[in-house]
Structures are given as C-alpha cells and as structure tokens.
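Novice: Return atomic coordinates for the entry below.
(one chain, ligands or ions: 1)
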Amino acid sequence: MYAADDGPVDLDVTVVVKKLAGKSGCTRMVQGGYNAVLHSEDSVEDHYMDTIEGGKWINDQKLAWTLVENAPKVIRKLENDLGVFFDRDEDGHIHQKPFAGQSFDRTVHKGDLTGIEIMTKIRDELLTRDVTFLEETRAVDLLTRDGEAVGAVVLDMRSGEFEVITAKAVVLATGGGATMYSISTPALEKSADGQAMAYRQGLPLQDMEMMQFHPTGLLAGDTKLTGGVIEEGIRGEGAHLYNTEDERFMEKYAPEKMERATRDIVSRASYEEIMAGRGTERGGVLLDATHLGTEFVEETFPGMTERTRNVGQDLSTQRVEVSPTSHYHMGGVTIDANCRTNLPGLFVAGEDAGGAHGANRLGGNGVVDSTVLGKQAGQVVPDRIEGRSPPSYDPDQAERIIERITEPLNRPGGADVYELRDELEEVMWEYVGVVRTGEKLEEGIERLVEIRKRLEDVAVSGSRRYNLEWNEYMDLENLALIAETVARSALYRTESRGAHYREDYPERDDDEWLANVHVRRNDDGMETWKEDVVFSQTHPANVDGSIVTVSDNTHAESN
Ligand SMILES: Cc1cc2nc3c(=O)[nH]c(=O)nc-3n(C[C@H](O)[C@H](O)[C@H](O)COP(=O)(O)OP(=O)(O)OC[C@H]3O[C@@H](n4cnc5c(N)ncnc54)[C@H](O)[C@@H]3O)c2cc1C
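Specialist: Okay, here's the model as predicted:
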C-alpha cells in the first residue's frame with residue numbers, strides 16, 4: 001500500500017488484498033514502533049551498524065543502507081503529508097524509546113498501537129486517490145509472458161470467481177509466512193503466498209533459514225492469543241525474565257545486555273531454560289514488569305496490559321507466561337535496493353523480500369522495511385511502465401493455474417487439510433525450530449516432503465464461494481513449499497548465526513559462512529547454494545568501533 005501511496009497520483013493502481021485494506025496484515029499489528037534517526041546525537045551510520053551487527057554481517061548491505069537512510073524521510077512524510085501522530089516529548093520532539101540491539105534510543109511510536117496509526121492514515125490517503133481496491137481477494141499466481149511479469153490470477157474469495165489482472169508492473173508484498181510454526185505471532189491470513197509465487201517462477205529466495213523467534217509470545221492456552229507478542233519495548237523499559245526457580249536467567253546468557261540482548265539470544269536462552277526443565281508446565285518462562293509500577297505499565301503498554309487481562313493474566317501486577325514464538329522471516333525473494341527481481345516487471349517489498357536484515361532483524365526495523373521498500377518500489381515502477389503498451393497474457397497459463405488450484409474441489413475424498421496444517425506447524429516447531437541439528441532437519445525435510453505429497457490428495461468440500469477449507473488448502477500449499485525451503489536452507493548452513501542455531505555446529509564460522517544461502521526451483525526439485533556477502537558499504541575487518549565507510553550523509557537533523 002505504501003508503494004501505491006508513494007507513486008505518482010495518476011498511475012492506474014489496483015491493490016489486491018486477501019483481507020481488508022489497511023485492516024489486515026502485520027504492519028497494522030506493529031506495537032513497538034519504527035526505528036529512524038531523528039536526533040542530532042544519533043547517526044544514520046550508527047543505525048546502519050546496529051542493523052549490520054544485529055544481522056551478523058550477512059545483510060545485503062545496499063538494502064540495509066537504503067532502509068536506514070530513508071527511514072527519517074518516511075517518518076517525516078508520514079507525519080507531515082499523511083497526518084500520522086507519533087508520541088512527543090514535553091519539549092515537542094518526537095519521542096524515541098529504547099529497543100533491543102540499538103546503540104541509541106531511536107524507536108518512534110504512537111503508544112503501543114503504532115501500526116494502527118500508520119496503516120489507517122495510509123489507507124485514508126489512498127481512499128482519496130483513484131486506486132482500485134480488491135478486498136478479500138487473493139493473488140493466486142503470477143502471469144508471465146516473454147520472460148516478464150504481466151499480471152496475476154486472483155480469486156475473489158467471496159464469490160469464488162477468478163479474475164485475471166494484467167499490469168505493466170507487479171509489486172508483491174504479501175508479508176511472508178512466519179505462520180508456518182505452531183506458536184507464531186503474525187496475522188493468520190499470511191501464508192508465504194508471495195514467496196511461493198516467486199519461487200514457482202524460478203526466482204531465487206535467500207536466507208530462508210533465518211526465521212526470527214520473538215522471545216516473548218504470550219502463552220494463553222488453547223486460544224488464538226497464544227503466540228501473540230508482548231513487545232520488546234517492555235524489556236527495553238526494564239522488564240525481567242525468570243525461570244521457575246526464580247532465577248533471572250539472562251545473567252547466564254548475556255550478562256551485559258541481559259533482557260535487552262537481541263531476540264535470537266533471548267529466545268534461545270528461554271528455550272534452553274524450558275528444555276532444561278526450568279520452564280512452566282505450559283512450556284514457558286516468566287516475564288516480570290511488576291517492579292516498573294502498575295500505573296507505568298498500564299499507561300505505557302495499554303494494549304498489552306489489556307491483552308494479558310483478557311486471558312486471565314495481568315502484565316501490570318503479575319509475572320506472565322511467555323514462550324519464544326515465530327515472528328518474522330528475514331529470508332525472502334532476492335531483490336536489489338529498488339525492489340527489482342530477476343523477473344522484469346516484478347518488484348517485491350516488505351517481508352516477502354530477503355536480504356536487508358541478514359541473520360536477525362532488529363525490533364523496529366520491520367516497519368522501516370515495509371514502508372521504505374514500499375517507497376522504493378513506488379518510485380521505480382513509473383520508470384518501468386513509462387512508454388510500455390498494456391501487456392497481454394497467455395490464457396492457457398491462466399487456465400493451468402485455475403485448474404491446479406480448483407483440483408481439490410473435484411476430488412471424491414482424501415487427506416484432511418486442517419490436520420495437515422497442524423502437522424506442518426508441529427514439524428516446523430520440532431524439527432526446524434529455535435535449536436536445530438542436521439539429523440532433525442533431515443527428518444523434518446522428509447516429513448515436509450511427505451506432507452506436500454499428501455496435499456496432492458486433499459479433497460475439499462463445498463462450492464468455491466467463501467470456502468474457508470479451500471482457502472486453507474491454498475495457504476497450506478504455499479506454506480508447505482516455503483517451509484521446505486526453510487528446512488533445506490537450514491540444513492545447508494553448517495554453522496550457527498543469528499536466528500539460525502545448530503546444536504551440531506554451535507559456533508559462528510566467518511571463514512566459511514559470511515555468505516547467503518539461496519534456494520530455487522530446478523528440474524530436479526530444490527537447488528540450494530551459497531554466495532559470499534558483498535561488502536559494498538563496510539567490511540567486518542574495517543570495524544574498530546568507529547570507522548565505517550558508507551557515505552558522507554552521517555547526521556540527520558534534530559526534529
Ligand atoms: C505482533 C507483531 C508486532 C510487530 N511489531 C513490530 C514493531 O514494533 N516494529 C517493527 O518494525 N516491526 C514489527 N513487526 C514486524 C512488522 O509488522 C512487519 O515487518 C511488517 O508489518 C511487514 O510488512 P509487509 O508489508 O511485508 O506485510 P503486512 O503488513 O503483513 O501486509 C501483508 C498484506 O498482504 C496481504 N496478503 C497476504 N497474502 C495475500 C495474497 N495471496 N493476495 C493478496 N493479499 C495478500 C495480507 O492480507 C496483508 O494485508 C511486528 C510484527 C508482529 C506480527
């Protein structure tokens with residue numbers, strides 16, 4: 001949506017969205033906030049280095065630089081042009097709070113409901129333009145002709161009717177698929193659709209093994225709120241983590257940064273404690289914010305306080321049960337700093353794309369990614385379409401897509417799609433989760449291949465109109481495919497780095513693995529290979545804490 005917003009107003013834009021525009025997806029769920037350099041004592045270079053060090057040096061450096069350099073511009077545009085309100089200090093400056101892994105407090109926010117504020121204003125702005133919204137409509141697959149993207153087959157989920165949309169440029173931004181795990185935070189409609197569409201076109205995906213687990217997903221029994229994130233601003237403000245033996249266990253794992261250590265470290269620490277039998281009966285650890293004061297917690301984190309109260313716990317007065325929860329996929333489609341892919345006419349932005357965050361995304365850099373890359377896409381698409389005549393598509397290709405996707409509706413009987421979905425999530429949690437081994441990954445891959453095979457027999461009942469079971473099937477087809485790319489990439493990377501931890505290769509190995517794992521479809525199945533990181537902006541050997549050769553655009557103005 002931000003791509004549509006940042007492009008020229010006279011473009012003929014169609015936004016296809018699986019749920020409601022501006023009211024779905026994860027940007028709307030952003031609680032903590034948005035990292036941007038706004039203070040004279042902060043610098044774009046520091047934000048950049050935090051991002052690279054957080055990403056354990058395998059980020060696409062050009063992409064990372066693009067994010068941090070443009071973040072302050074986007075904040076100003078959101079505020080000045082779209083009327084987004086951010087919290088302010090008493091002196092009138094935008095308030096910036098601490099987030100884990102940051103060398104400066106640079107997280108801009110609107111209470112803990114930042115995403116709602118941003119998405120509502122972007123949507124309001126687009127409603128004033130001549131943009132066509134196709135809501136509750138899912139993109140099913142891309143259409144190509146002569147080696148270029150020319151549109152997509154989409155399904156109106158309400159009527160069950162397919163439509164072909166041709167376009168001179170297609171921007172994929174379906175938000176990845178961290179929902180492939182049994183405990184996860186993202187919006188449930190996200191199912192790696194964009195990544196799967198790109199994969200089916202033979203495009204390379206990268207860093208797929210890098211799945212971020214947020215350390216503090218709420219444990220709320222058998223409810224949809226399980227996995228929902230208690231945002232890390234609360235750890236930034238000083239909340240502590242305890243095991244059931246009343247030990248503040250981060251003392252053992254990260255004695256300096258403690259609970260403010262990056263997500264991968266805190267998640268693994270919690271996981272180790274749970275596995276060592278020092279977790280709660282439901283498999284969690286305890287987050288304690290009570291020493292910050294009831295009033296402070298209620299006022300600073302109203303959304304989260306309410307959420308915990310809704311499930312019979314109370315963040316402001318009690319320790320609450322939390323577990324690592326899959327949260328964000330650093331991996332995705334390989335793009336350049338202008339969101340271009342190897343398929344001309346196809347642009348990818350946001351969580352569908354890989355590279356910017358390397359092995360670990362810093363909190364507050366996710367929404368930077370979706371808006372800055374959205375902005376980049378919005379700005380380069382006009383060049384792509386300039387002077388092009390409207391594209392035509394191949395009706396046979398569209399027909400083949402529709403046939404594939406409607407097949408389960410015509411089968412007499414077969415595997416149950418909901419059971420397969422549960423199985424997929426459990427396999428991912430157990431075999432491709434927070435702590436991995438080669439043996440488990442191999443077993444996980446076998447199970448995933450088998451799930452994909454059984455999917456070929458799934459039968460779906462009912463008609464095409466608002467058929468939830470059929471939509472679950474389509475979600476699962478994409479999730480299972482992308483889950484396998486995650487498992488294969490994880491097996492390929494024989495070291496530990498960032499979010500990827502191998503018990504059988506516990507050390508980070510810079511000699512072999514300052515590299516990105518890529519995966520793509522080939523005639524025999526999935527092909528996995530690695531490519532060395534291009535140190536276009538700065539090299540690990542150059543860093544002595546102060547020397548970074550990036551650009552002379554170091555300091556942002558104070559706000
Ligand atoms: C609970 C939570 C809290 C977070 N807090 C923060 C934070 O404080 N700061 C931060 O920086 N990041 C945060 N993140 C991460 C951040 O939300 C994501 O990085 C970002 O929102 C991803 O944006 P996106 O545009 O890629 O996807 P989304 O905003 O998720 O949008 C994807 C859209 O694609 C639609 N879609 C999916 N499939 C299809 C399809 N087949 N066809 C058509 N439409 C489709 C979805 O309905 C949705 O509208 C948080 C994430 C979660 C889950």
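Novice: What is the burial count for Val486?
Specialist: Val486: 30 surrounding residues under other CB atoms under 10 Å. Any C-beta I mention is one placed from the backbone N, CA and C, and that applies to glycine too.
Novice: err, Val68, not the other one
Specialist: 28.
Novice: pretty sure it contacts Gly54?
Specialist: No. The pair Val68 / Gly54 is not scored as a contact, 11.6 Å apart, by CB atoms under 8 Å.
Novice: give me the element Arg129 is part of.
Specialist: Taking DSSP states H and E as the definition, Arg129 sits outside all helices and strands.
Novice: Need the phi and psi values for it.
Specialist: Phi and psi for Arg129, reported as degrees, to the nearest 10, are phi -100, psi 170.
Novice: and this protein, which residues reach the ligand?
Specialist: 16-19, 24-27, 29-34, 138-139, 173-175, 185-187, 189-190, 193, 229, 231, 328, 350-351, 363-367, 369-370 (CB under 6 Å from any ligand atom).
Novice: run the last query once more with 5 Å
Specialist: Residues of the chain found near the ligand (CB under 5 Å from any ligand atom) are 16-19, 24-27, 29-30, 32, 138-139, 173-175, 185-186, 189, 193, 229, 350-351, 364, 366-367, 370.
Novice: Now do the contacts for the residue of the chain most remote from its centre.
Specialist: Relative to the centre of the chain, the most outlying C-alpha is that of Pro412, 37.1 Å out, by CA atoms, centre = their mean. For Pro412, the contacting residues are Ala459, by CB atoms under 8 Å, 6 or more residues apart in numbering.
Novice: element containing it?
Specialist: Counting by DSSP H and E, Pro412 is found in no helix or strand.
Novice: Report pLDDT for it.
Specialist: At Pro412, the model reports a pLDDT of 86.
Novice: Please apply the same query to the one 3 residues further on.
Specialist: What the model reports for Ala415 is a pLDDT of 88.
Novice: go on, Thr437?
Specialist: 96.
Novice: And it, how far from the ligand?
Specialist: Between Thr437 and the ligand the distance is 28 Å, computed by CB to the nearest ligand atom, to the nearest Å.
Novice: doesn't Asp504 make contact with that residue?
Specialist: Yes. Counting by CB under 8 Å, Thr437 touches Asp504, with 4.8 Å between them.
Novice: more neighbours, those two?
Specialist: Between Thr437 and Asp504, Thr437 has the larger neighbour count (other CB under 10 Å), namely 15 against 12.
Novice: so what's that one up against?
Specialist: Counting by CB under 8 Å, 6+ apart, Thr437 has contacts 502-504.
Novice: can I get the residues you listed in TSV with pLDDT and secondary structure?
Specialist: Formatted as TSV, the contacts of Thr437 follow (pLDDT from 0 to 100; DSSP: H, G, I helix; E, B strand; the rest coil):
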residue	pLDDT	secondary structure
Arg502	97	strand
Glu503	94	coil
Asp504	98	coil
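Novice: Among those, which one sits closest to the ligand?
Specialist: Set against the ligand, the nearest of the contacts of Thr437 by CB to the nearest ligand atom is Arg502 (25.3 Å).
Novice: so that closest one bridges to which residues?
Specialist: Arg436, Tyr505 (DSSP bridges).
Novice: which residue does the stretch 201-350 of the chain bring closest to the ligand?
Specialist: Nearest residue of the stretch 201-350 of the chain to the ligand (CB to the nearest ligand atom) works out as Gly350 at 2.3 Å.
Novice: and the closest residue in space to that residue that isn't next to it in sequence, how many neighbours?
Specialist: Take Gly350 and drop its neighbours on the chain: the residue closest to it by CB to CB, 6 or more residues apart in numbering is Ser370, 3.9 Å away. Neighbourhood size, Ser370 [other CB under 10 Å]: 25.
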